[in-house]
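Engineer: pasting a predicted model and its sequence here:
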Amino acid sequence: MTIRIRRGLELNQKGFTLIEVLIGLLILAVGLLGVAGMQLLSVRGNSSSNHLTQASYVAQERLEFLRGLSLTEAALSTGSPHSEGTTTISGTAFVRSYTVASEGSLKRITYTVTWNDGVNHSVTFVTKRAQ
């Protein structure tokens, strides 16, 4: 009968070293930072789109109202800009104004809504009515 005694550890152990784990975590962290940056950009884009949608809705609604008025109404007088004040939607103030200009037998109505969410923005709609 032969007895073998093992001394020490085998050199053929499998597993990851601490350096390999740290390099893997570093790669994961860089990837997650990229995803976080895209998420932030997405939130900003959604907010900007929401403001543009709200401003377009306000402008289109008021422009349709003006189109329904008689051409002799004071609201459709040509000349200086007409201010319609400010309306606040979801915490953002939208400043509304329009101008009316005569172009031959037509009246041109230009409706503008401006707002500031850190940067000045505006949306403008134009329509023409026969006199």
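Structural biologist: All right, it came through fine.
Engineer: and the helix or strand residue 113 falls within, what other elements does it pack with?
Structural biologist: Residue 113 is part of strand 106-116 when elements are defined by DSSP states H and E. On a contact count with 3 or more C-beta pairs under 8 Å, 6 or more residues apart in numbering; DSSP states H and E, strand 106-116 meets helix 18-67, strand 92-103, strand 120-130. Where C-beta positions appear, they are placed from N, C-alpha and C, glycine not excepted.
Engineer: partner strands of that strand, parallel or antiparallel?
Structural biologist: strand 92-103 (antiparallel), strand 120-130 (antiparallel) (DSSP bridges).
Engineer: in this structure, where is pLDDT below threshold?
Structural biologist: 1-13, 131 (pLDDT under 70).
Engineer: try 80
Structural biologist: For the chain, applying pLDDT under 80 flags the ranges 1-16, 131.
Engineer: residue closest to the middle of it?
Structural biologist: For the chain, the residue sitting closest to the mean C-alpha position, by C-alpha atoms, centre = their mean, is residue 48 at 1.6 Å.
Engineer: give me the nearest residue to that one, chain neighbours excluded.
Structural biologist: Nearest residue to residue 48 in three dimensions, chain neighbours excluded: residue 117, at 7.2 Å (C-beta to C-beta, 6 or more residues apart in numbering).
Engineer: number of nearby residues for the one you found?
Structural biologist: Counted with other C-beta atoms under 10 Å, the neighbours of residue 117 add up to 14.
Engineer: returning to that earlier point: could I get the strands paired with strand 106-116 as JSON lines with mean neighbour count?
Structural biologist: Output for the strands paired with strand 106-116, formatted as JSON lines (neighbours: other C-beta atoms under 10 Å):
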{"stretch": "strand 92-103", "mean neighbour count": "16"}
{"stretch": "strand 120-130", "mean neighbour count": "13"}
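Engineer: circling back to that earlier point, list of residues touching the strand holding residue 113?
Structural biologist: The contact list for strand 106-116 (C-beta atoms under 8 Å, 6 or more residues apart in numbering) reads 51, 55-56, 58-59, 62-63, 66-67, 71, 76, 78, 92-102, 120-131.
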